[in-house]
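[1] sharing a model prediction with you, sequence too.
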Amino acid sequence: MNISYWPAYLDVEALERVEENKARFFSHIQNDDRFAFLRQDAKELALAGRNGKTWAGNAKTVYLIGLGGSRYGVEALFGGERSFDSARLVCVDVLDELLCDEIKNHLEHDEPSDFVVVIVSKSGDTLETSVLADEIVFNAPFFSRIKERVLIETEKGSSLANKAEGLGLRIEYVSSDVGGRFSVFTPATFFVLGALSLDTDIIAQRYSLAESEFTCGELSPLIRAEVLMSKEFEKIYIHDIMAEAERFVPLSYWTRQLWAESLGKVQSYTLLPTVSPLTRDCHSVLQMYFGSKPSRAVSFVVSEHDMDMSIGRASFAITEAVTQAHKDHAIPHFIHMLEVAGNGDTATYMYREMVSVLYTAWTKGIDPFGQPDIEEYKKHAKEIFNKNIN
């Protein structure tokens, strides 16, 4: 994966600040067990992926019931690395009665060997996930027919774990020390990626390579963070992640959550991450971006193009034109150039983004873990929900 900046001088100035800080930051990362997710055993990840593939067999569809990082990490890697041989991923994270009925219809009438259902909740008591799991799986009259095709991912001792153990369901335990947005490079996530028939060996190898590059002094994630904290960005309040292809849209949402939940805890950090699918937003909000010039910087997530195909040539032309237009309107931006799908380069991007966020948090004295204000709303939602149970 390559990353470039405009204006180009931004990364030169940022490099000077990184040189001053890098040794202390590396020490901070290496000596704190909370950052162990940056040092996972690639062989263990690959093995988890192969185990997931064995368990799912030739499943054509994976239904993933879960919210936030528990869902975004899987969907982001799936979008970036899927192929024609991959299973279909259906993410269920909205309380939509019609969608629930459609999925239940499939689970009741499709061959169980054609699908698996994965229910992910680290705490085990996320309200939305609990309600969806009860409605679609646990309380369904056909539950006994599909129970062998159900996987639970939660931490040990949670209410969901206890329920799954009582029902004899398969459980992959997740670490209570790793938040959802940082859990993408863990065995539990790779188990699901394997169930989706992704090449988890390659993804694990690219994760390992990104880790090795970082350990040996790869500074691009730190430079990116310094650019976003530079004087040039002091009056910029929107960090727009523009996904060139549909497969990168979930990756953009994962990026948004990573930056927002990790850093959005102090009033001094006001860079709001947003998501813009490039082709669609060229025909909706791009006029406003250029015409009224809201305070905005952009990260383009693009890939190599097959110039022998008209779609590839059109994508290249549109991306080149839009990035040039941002230069013409003096809008600072990054370009993340990923390799073609299936090479594991999505893992490189995700690893580096996590490092960028952690470096920003370290620089600004922000605890990147937890989400205290979100926990408050979740508590109140459960109280209101329980009051209305007949």
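    Here it is on my side, so go on. Numbering: from 1, shown residues only.

[2] going by C-alpha atoms from here, please, whenever you check contacts or count neighbours.
    Will do.

[3] show me where the stretch 251-390 of the chain has its helices.
    Ranges of helices in the stretch 251-390 of the chain, per DSSP state H, counting those that start in this stretch, are 278-282, 286-291, 310-328, 345-364, 372-387.

[4] and the stretch 51-200 of the chain, by the same measure?
    Going by DSSP H, counting those that start in this stretch, the stretch 51-200 of the chain shows helices at 69-81, 97-109, 127-133, 143-146, 159-167, 187-195, 200-215.

[5] could I get those in JSON lines, plus columns for mean neighbour count and distance to Ala14?
    Output for the helices of the stretch 51-200 of the chain, formatted as JSON lines (neighbours: other C-alpha atoms under 10 Å; distance: least, C-alpha to C-alpha, whole Å):
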{"stretch": "helix 69-81", "mean neighbour count": "25", "distance to Ala14": "28"}
{"stretch": "helix 97-109", "mean neighbour count": "14", "distance to Ala14": "47"}
{"stretch": "helix 127-133", "mean neighbour count": "18", "distance to Ala14": "42"}
{"stretch": "helix 143-146", "mean neighbour count": "14", "distance to Ala14": "54"}
{"stretch": "helix 159-167", "mean neighbour count": "16", "distance to Ala14": "46"}
{"stretch": "helix 187-195", "mean neighbour count": "27", "distance to Ala14": "34"}
{"stretch": "helix 200-215", "mean neighbour count": "20", "distance to Ala14": "17"}
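
[6] make JSON lines from the ones you listed and add mean pLDDT and distance to Asn343 to it.
    Below are the helices of the stretch 51-200 of the chain laid out as JSON lines (pLDDT from 0 to 100; distance: least, C-alpha to C-alpha, whole Å):
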{"stretch": "helix 69-81", "mean pLDDT": "91", "distance to Asn343": "7"}
{"stretch": "helix 97-109", "mean pLDDT": "96", "distance to Asn343": "32"}
{"stretch": "helix 127-133", "mean pLDDT": "94", "distance to Asn343": "32"}
{"stretch": "helix 143-146", "mean pLDDT": "96", "distance to Asn343": "34"}
{"stretch": "helix 159-167", "mean pLDDT": "95", "distance to Asn343": "35"}
{"stretch": "helix 187-195", "mean pLDDT": "96", "distance to Asn343": "14"}
{"stretch": "helix 200-215", "mean pLDDT": "94", "distance to Asn343": "7"}
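
[7] which one, of those, ends up nearest to Thr279?
    helix 69-81 (16.8 Å; C-alpha to C-alpha).

[8] dump the closest one to PDB, keeping only the CA atoms.
    Provided in PDB are the C-alpha atoms of helix 69-81 (Å, rounded to 0.1, in the frame of the first residue of the first chain):
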ATOM      1  CA  GLY A  69     -16.300  -2.800  15.500                       C
ATOM      2  CA  SER A  70     -17.400  -6.400  15.900                       C
ATOM      3  CA  ARG A  71     -19.100  -6.100  12.600                       C
ATOM      4  CA  TYR A  72     -17.100  -3.400  10.800                       C
ATOM      5  CA  GLY A  73     -13.700  -5.200  11.000                       C
ATOM      6  CA  VAL A  74     -15.000  -8.300   9.400                       C
ATOM      7  CA  GLU A  75     -17.000  -6.400   6.700                       C
ATOM      8  CA  ALA A  76     -14.000  -4.200   5.900                       C
ATOM      9  CA  LEU A  77     -11.600  -7.100   5.400                       C
ATOM     10  CA  PHE A  78     -14.300  -9.000   3.500                       C
ATOM     11  CA  GLY A  79     -15.000  -6.000   1.200                       C
ATOM     12  CA  GLY A  80     -11.300  -5.400   0.500                       C
ATOM     13  CA  GLU A  81     -10.200  -9.100   0.000                       C
END
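
[9] elements contacting it?
    strand 88-92, helix 187-195, helix 249-263, helix 345-364 (3 or more C-alpha pairs under 8 Å, 6 or more residues apart in numbering; DSSP states H and E).

[10] just to revisit the earlier point, of all the helices of the stretch 51-200 of the chain, which lies closest to Arg352?
    Nearest of these (C-alpha to C-alpha): helix 200-215, 7.5 Å.

[11] tell me the strands beside the longest strand along the chain, with direction?
    Within the chain, and with DSSP state E defining each element, the longest strand by residue count is strand 296-303. Partners of strand 296-303 in the sheet, by DSSP bridges, are strand 238-243 (parallel), strand 333-338 (parallel).
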